[in-house]
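1. sequence first, predicted model second:
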Amino acid sequence: MMHPRRPVRVVAAVVAAAVLAVTGACAGPLGGQAVPAAEATPVAAVTSSPALDATDLSPVQPVTLSVAQGTISALTLTSPTGAEVKGTLSADRTSWTLAEPLGYGKTYTVTGTAMGSDGKAVPIQGSYSTVSPAEKMTSKISPGDDAVVGVAAPVIIRFGSEPVDRSLIQQHVTITTTPQVEGAWAWVTHDGDSWPSLDWRPKQYWPAGTTVHVSSDLYGLDLGGGTFGGDTVTSDFTIGRNQVVKADANAHTMVVQQDGVTVATYDASYGSGDVIGDPNRVTRSGTHIVMDKKETTTMSNPAYGYTDVTEHWAVRISDNGEFIHQNQATVADQGVDNVSHGCINLSAQDAQAYFQTAIYGDPVEVTGTSVQLSPADGDIFDWAIPWSEWTALADN
């Protein structure tokens, strides 16, 4: 008896299905093309603070690029001229930090490569652009580098534009003295200036031989209103020997002391204002400082009838016309009476001897007159301000 053929058809169908299954596994969605497996994303992750392509940055803003799950194999920051900017790569090569200030109004290009822990490279590309200030504030320090000055010389920092944000400015101005000296900053408007300077003076006179370092580090500071700090300046100077002048208008003498010891006593004549009742001819009492000196100069005071009178051995002690100088016309009055227009008159010999010892910043302590030295009397009046008032003039 013959068996039915049905099972044969079932086997053929199973084989056909298997063939189709194999063929379908290799076929793509279009035209039978194969689809490759997706490549894994590189694991190295690059971050930047501030973000790459940031603009309007301060040129002193910290800049750091970091890599997670990898290291920096190469990184360069270049200026618009192609010069390489200094940076520091960490020991583990996972971060790079900017190591020098940038310029204003410039775009810097970042190029480099990070290598991931998976062995795959990731490009580092971008830029940083710095702000273009509406105005850049400069500063100038007095005394300047290598100066040797007297024991009453204040530090004066003058600014090229009005210091609106005084507190911020003061935070970026420093003074270092050896030995350590007690003193304080104060905002003071000097004669002829349109806005205040920042002055520092010791509570007492400087110790002789003190070395002083002053820094005004304003570059990159946002001072408001589109004004940024335009420079960083420093000064290193030294305090010279201790010389103090004791100028007594009642005794009609001028005594020069060094380290508290009298080294010279001169007969002198002071302003006659207390005698004749004219305050404009009173030599101001208080601590002046030597500001300048000239062997020969001309002096004028048209209100009192003289113009371009030649004087010798002239040491300026304020900007209100007060000098210590030779005046042969008053020699007979020197040591006896006060007859000048406000200056301290000495003989030719004494004036020359004192002139040769005087340096900028020496204190000249005038006593015995009815009018006190004040801000109205000249450029450098720092010692005319009591210490308790001086310390209140800072932005703390």
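-> Yep, it's here.

2. surely Tyr104 is in contact with Pro133?
-> Yes: using Cβ atoms under 8 Å, Tyr104 is in contact with Pro133, at 6.0 Å. (Each C-beta comes from the backbone N, C-alpha and C, glycine too.)

3. which one of these two is surrounded by more residues?
-> Using other Cβ atoms under 10 Å, the more surrounded residue of Tyr104 and Pro133 is Pro133, with 20 against 16.

4. between Tyr104 and Pro133, which contacts overlap?
-> Residues touching both Tyr104 and Pro133 (Cβ atoms under 8 Å, 6 or more residues apart in numbering) are Phe228.

5. any stretches of the protein with poor pLDDT?
-> Scanning the chain for pLDDT under 70 picks out 1-38, 396.

6. quick one, domains of it?
-> 45-130, 135-240, 243-387 (automatic domain parsing).

7. of all these, which one is nearest Asp395?
-> With Cβ to Cβ as the criterion, Asp395 lies closest to domain 135-240 of the domains of the chain, at 4.2 Å.

8. can you give the distance of the closest one from its chain's centre?
-> How far domain 135-240 lies from its chain's middle: 7 Å, per Cα atoms, centre = their mean, to the nearest Å.

9. can you give me the end-to-end distance of stretch 200-216?
-> 12 Å (Cα to Cα, to the nearest Å).

10. in that stretch, which residues are buried?
-> 200-202, 205-206, 210, 212, 214-216 (16 or more other Cβ atoms under 10 Å).

11. would you list those in CSV and tack on secondary structure?
-> As requested, those are exported to CSV (DSSP: H, G, I helix; E, B strand; the rest coil):
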residue, secondary structure
Trp200, strand
Arg201, strand
Pro202, strand
Tyr205, coil
Trp206, coil
Thr210, coil
Val212, strand
Val214, strand
Ser215, strand
Ser216, strand
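
12. quick one: the helices in the chain?
-> 6-26, 166-171, 273-276, 348-355, 387-390 (DSSP state H).

13. for the buried residues of stretch 200-216, which one is nearest Val164?
-> Ser216 (15.9 Å).

14. not counting its neighbours along the chain, what's nearest the closest one?
-> The shortest distance from Ser216 to any residue other than its chain neighbours is 4.3 Å, reached at Ser139 (Cβ to Cβ, 6 or more residues apart in numbering).

15. now swap in Met291 and tell me
-> Arg316 (4.7 Å).

16. mind listing what that neighbour touches?
-> By Cβ under 8 Å, 6+ apart, the contact set of Arg316 is 290-293, 322-323.

17. buried members of those residues into ChimeraX, please.
-> Selecting only the buried entries of those in ChimeraX, with 16+ other Cβ under 10 Å as the criterion:
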select :290,291,293,322,323
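
18. just flag the most distant two among the contacts of Arg316.
-> Every pair of the contacts of Arg316 checked by Cβ to Cβ; the farthest is Lys293 and Glu322, at 13.0 Å.

19. if we can go back for a sec, who's the residue nearest to Met291 bridged to?
-> Beta bridges link Arg316 to Asp292, Phe323, judged by DSSP bridges.

20. distance of it relative to Val366?
-> Per Cβ to Cβ, to the nearest Å, Arg316 is found 14 Å from Val366.

21. check Tyr104 too.
-> 48 Å.

22. could you do Arg241 as well?
-> For Arg241 relative to Val366 (Cβ to Cβ), the value is 21 Å.

23. more neighbours: those two, which one.
-> Val366 (25 against 14).

24. contacts only, for that one.
-> 247, 249, 270, 283-288, 344, 373.

25. also Ala45?
-> Neighbours of Ala45 in contact, by Cβ under 8 Å, 6+ apart: 67-70.

26. filter these to the buried ones?
-> 67, 70.

27. out of the contacts of Ala45, which sit inside strands?
-> Among the contacts of Ala45, the subset assigned to strands under DSSP state E consists of 67-68, 70.

28. with distance to Ala264 as extra columns, can I get those residues in TSV?
-> Formatted as TSV, the ones in strands among the contacts of Ala45 follow (distance: Cβ to Cβ, whole Å):
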residue	distance to Ala264
Val67	73
Ala68	75
Gly70	77
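
29. assess the claim that Val148 and Thr238 are in contact.
-> Yes: counting by Cβ under 8 Å, Thr238 is a contact partner of Val148 at 5.2 Å.

30. one step back: out of the ones in strands among the contacts of Ala45, the closest to Gly192 would be?
-> Val67 (56.6 Å).

31. before we move on, the earlier item: of the domains of the chain, which is nearest Ala394?
-> Closest approach to Ala394 among those (Cβ to Cβ): domain 135-240, 4.6 Å.
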